[in-house]
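In: quick one, structure for this:
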Amino acid sequence: MIGLIITWLVTAISFLIISKLPIGVQIDNFNKALTSAAVVGILNALLLPILTLFTFPAIILTLGLFFFVLNAIIFALAAYLVPGFSLRYGFWSALIGSFSLAVINSILFRVVASLT
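Out: Now for the predicted structure:
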């Protein structure tokens with residue numbers, strides 16, 4: 001349970017960091033970042049396996065690079081569902097934002113792991 005809360009908080013902090021980058025991702029405040037992190041987590045758990053199943057041939061043909069597109073779709077859907085979380089440049093903001101989220105989450109999780 002503690003691990004889930006830490007993951008949620010780290011992802012919310014990652015969303016705040018991403019919103020400060022000039023890539024077109026806008027998040028109003030920390031509460032919206034917490035909500036966005038929860039929505040992205042739920043969408044990843046529920047929707048990503050279904051999308052992966054349907055797009056498996058494209059994933060194979062692109063040697064896994066199509067996962068970036070799937071993550072951008074999840075990211076954009078979360079932006080659509082959460083008020084206060086928006087994408088200025090549409091799909092490109094979602095694509096760069098989802099990639100940035102993965103990189104920043106990796107860095108922050110490494111920092112958290114080194115502290116414990």
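In: the closest residue in space to N105 that isn't next to it in sequence - how many residues pack around it?
Out: Spatially, and ignoring its direct neighbours in sequence, N105 is nearest to S14 (5.0 Å; C-beta to C-beta, 6 or more residues apart in numbering). C-betas here are computed from N, CA, C, even on glycine. Using other C-beta atoms under 10 Å, the number of residues around S14 comes to 24.
In: check L65 too.
Out: L65, neighbours per other C-beta under 10 Å, totals 10.
In: ok, for N71, nearest residue in space, not its chain neighbours?
Out: Spatially, and ignoring its direct neighbours in sequence, N71 is nearest to S98 (4.0 Å; C-beta to C-beta, 6+ apart).
In: okay, and the one you found sits in which element?
Out: helix 91-115 (DSSP states H and E).
In: so how far is that helix off the chain centroid?
Out: 8 Å (C-alpha atoms, centre = their mean, to the nearest Å).
In: re earlier: what's near enough to touch the residue nearest to N105?
Out: Neighbouring residues of S14 by C-beta atoms under 8 Å, 6 or more residues apart in numbering: 37, 101, 104-105, 108.
In: before we move on, back to that, and the helix holding S98, what other elements does it pack with?
Out: Packing partners of helix 91-115 (3 or more C-beta pairs under 8 Å, 6 or more residues apart in numbering; DSSP states H and E): helix 2-20, strand 25-27, helix 66-81, strand 85-87.
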